[in-house]
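S.K.: Got a predicted structure plus its sequence, pasted below:
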Amino acid sequence: MSAATASAPSAFVFEALADDAWLLRLGDGIDDAVNARVHRLAARLRAQAPPWLRDLVPAYASLALFFDEAAVDALSVQAWLMTQCAVIDASDDELPTPQRIVEIPVAYGGDYGPDLDSAAAELGLSAHELIARHSGGEYTVAMIGFAPGFPYLSGLDPALALPRLATPRTEVAAGSVAIGGAQTGIYPRPGPGGWRLLGRTPLPLFDLARAQPSLLQPGDRVRFVAIDAAAFAELARLQAQTPA
């Protein structure tokens, strides 16, 4: 496969990602409209998927396509993609956007969200106001990245944007719900992290024992639901008893 980029219809640009993969760029940076178009494109390609299509991986402004190189050559894949992009360009407004809505229960503050109070003070809000505004929004899973199952969520109220910590924590609890810059997200597993921790969910974000390991998928809509410590403990108990 040539490493050179190739222009597709309109704003689509192809890049050779690997011998068995193409990358389609629809824009640069974080833009909700571009990201929505990425997900509409992914939905169209899945609906038209030929047998050689192995996987589609959406990001904020691009879409990676992986194919079975034993079944098809790269240039044939590129030609098929360019045809699909031409159709999409002509009917973009009519393309479906995934609309699965997932509610995520979150215990805010205290040990669950050690940065809640300082974040609220920095924003000029009370902790209660920050919880109400963060849980009152509806978010879109723009992409999965950083760690398996980690959802980057667009749709954060711009007034709630916060810089990352100057010194990242070496250990963040699994399920931690956080703000990093203009995004919010959920840490699926324990590990280091520098986002501001507002709360935690008892739901497992990533579990290899499940048929679909990642709880959230790109394009999903997410709503946070504030719960108290007792509800968190009960949900955690039920999750521990539920077979994959």
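M.R.: Structure's in. What do you need?

S.K.: need the helices for this structure, in chain order.
M.R.: Per DSSP state H, the chain carries helices over the ranges 32-47, 74-90, 116-123, 127-135, 229-241.

S.K.: Columns distance to residue 193 and mean neighbour count on top of those, output as a markdown table?
M.R.: Every residue, glycine included, has its C-beta placed from N, CA and C. Formatted as a markdown table, those follow (distance: least, Cβ to Cβ, whole Å; neighbours: other Cβ atoms under 10 Å):
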| stretch | distance to residue 193 | mean neighbour count |
| --- | --- | --- |
| helix 32-47 | 22 | 18 |
| helix 74-90 | 36 | 16 |
| helix 116-123 | 14 | 16 |
| helix 127-135 | 17 | 18 |
| helix 229-241 | 20 | 12 |
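
S.K.: For the ones you listed, could you give me a markdown table that also reports distance to residue 222?
M.R.: Supplementary listing: the helices of the chain in a markdown table, determined by distance: least, Cβ to Cβ, whole Å:
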| stretch | distance to residue 222 |
| --- | --- |
| helix 32-47 | 14 |
| helix 74-90 | 25 |
| helix 116-123 | 19 |
| helix 127-135 | 11 |
| helix 229-241 | 17 |
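
S.K.: Let me see the confidence value for residue 42.
M.R.: In the predicted model, residue 42 carries a pLDDT score of 87.

S.K.: The chain should start at 20 in everything you say after this.
M.R.: Fine by me, first position is 20 from now on; the one you just mentioned is residue 61.

S.K.: rewinding a little: nearest to residue 194, of the helices of the chain?
M.R.: Closest approach to residue 194 among the helices of the chain is made by helix 248-260 (9.0 Å; Cβ to Cβ).

S.K.: so what secondary structure elements neighbour that closest one?
M.R.: Using 3 or more Cβ pairs under 8 Å, 6 or more residues apart in numbering; DSSP states H and E as the contact definition, the elements that helix 248-260 packs against are strand 120-127.

S.K.: Was I right to think residue 241 contacts residue 171?
M.R.: No: judged on Cβ atoms under 8 Å, residue 241 makes no contact with residue 171 at a distance of 11.0 Å.

S.K.: So for those two, which residues contact both of them?
M.R.: With contacts defined as Cβ atoms under 8 Å, 6 or more residues apart in numbering, the residues adjacent to both residue 241 and residue 171 are residue 160.

S.K.: residues touching the residue most central in space within the chain, list them.
M.R.: With distances taken as Cα atoms, centre = their mean, the chain has residue 162 as the residue nearest its mean C-alpha position (3.0 Å). Counting by Cβ under 8 Å, 6+ apart, residue 162 makes contact with 54, 77-79, 170-171, 237.
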